[in-house]
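> Coordinates for the following, if possible.
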Amino acid sequence: MSHTVGQVSGFAGITVRTLHHYDEIGLLVPSERTHAGHRRYSDADLDRLQQILFYRELGFPLDEVAALLDDPETDPRAHLRRQHELLTARIEKLRKMAAAVEHAMEAREMGINLTPEERFEVFGDKDPEQYAEEAEQRWGGTDAYAESQRRAASYTKDDWKRMQAEVADWGAHYDALMSAGEPPTGEAAMDLAEEHRRHICRWFYECPYDMHRSLGEMYVADERFKAFYDSMRPGLAEHLREAITANAARARP
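Presented below is the predicted three-dimensional model:
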């Protein structure tokens, strides 16, 4: 079976003019021509075109593409392996770029007032405000959300580092508590739950016990929050939820 230049243009999403150019420079010469001189492309031609478009998408100039495809030492499977490696590397690079853009968007939305250098130094791959969208969906328009925005806008690089250090220290203490077999309803667990609540009050917004209890439920129900707390120690999210509930009950008159 052979295909016209118009059909191939439609298959590949490139212009007829591009196909003519590839023919003129010898990069993709159609296997057949009609008596009237019209180009006809075979399935083998389409395979070559696919290889050309892969390499072009990866940024290779046409002369290098021709050299690669015409190398007698390289078989089609080697081309596919090479393209897979290049595409995988590009995907990883784009993933990292997308993550950086997401972090920048979240920081902008939260009003974090840091220079680009400070953002990288403080946050790296993990942004403590990575759940900004979740917070806005749940509490956007509330006094607590507005207060969190206001405070975040005033924090310096050192402020964010102190906050991260507090979280790391709290996590280490909670890990030790669980290793010791302390129940979530015990005094030690409730004290750490209270420390968690006060951390929120100190850095973001006033967090009454009812709100804190709701947060505890969310830490288990929402997989993203659960993953964050369980990364400190498996099972920590559920243990903390119960400790928060017990601490709220303890605080009632």
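> For the stretch 1-150 of the chain, which segments count as helices?
5-12, 16-24, 43-57, 62-69, 76-110, 116-123, 132-139, 143-154 (DSSP state H, counting those that start in this stretch).
> Output the last one as PDB, nothing but the C-alphas.
Just to be clear, that refers to helix 143-154. In PDB, the C-alpha atoms belonging to helix 143-154 read as follows (Å, rounded to 0.1, in the frame of the first residue of the first chain):
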ATOM      1  CA  ASP A 143     -10.700  35.100  58.300                       C
ATOM      2  CA  ALA A 144      -8.200  32.200  58.900                       C
ATOM      3  CA  TYR A 145      -7.300  32.000  55.200                       C
ATOM      4  CA  ALA A 146      -6.800  35.800  55.000                       C
ATOM      5  CA  GLU A 147      -4.700  35.800  58.100                       C
ATOM      6  CA  SER A 148      -2.500  33.000  56.700                       C
ATOM      7  CA  GLN A 149      -2.000  35.000  53.500                       C
ATOM      8  CA  ARG A 150      -1.100  38.100  55.400                       C
ATOM      9  CA  ARG A 151       1.400  36.400  57.600                       C
ATOM     10  CA  ALA A 152       3.100  34.400  54.800                       C
ATOM     11  CA  ALA A 153       3.700  37.600  52.900                       C
ATOM     12  CA  SER A 154       5.800  39.000  55.700                       C
END
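> Distance from it to the middle of the chain?
25 Å (CA atoms, centre = their mean, to the nearest Å).
> Quick test: name the residue nearest the centre of the protein.
Centroid-nearest residue in the chain: Ala99, 4.3 Å away (criterion: CA atoms, centre = their mean).
> Of all the helices of the stretch 1-150 of the chain, which one is nearest Met232?
Comparison of the helices of the stretch 1-150 of the chain against Met232 by CB to CB identifies helix 116-123 as nearest, at 17.9 Å. Heads up, the C-betas are built off the backbone N, CA and C, glycines and all.
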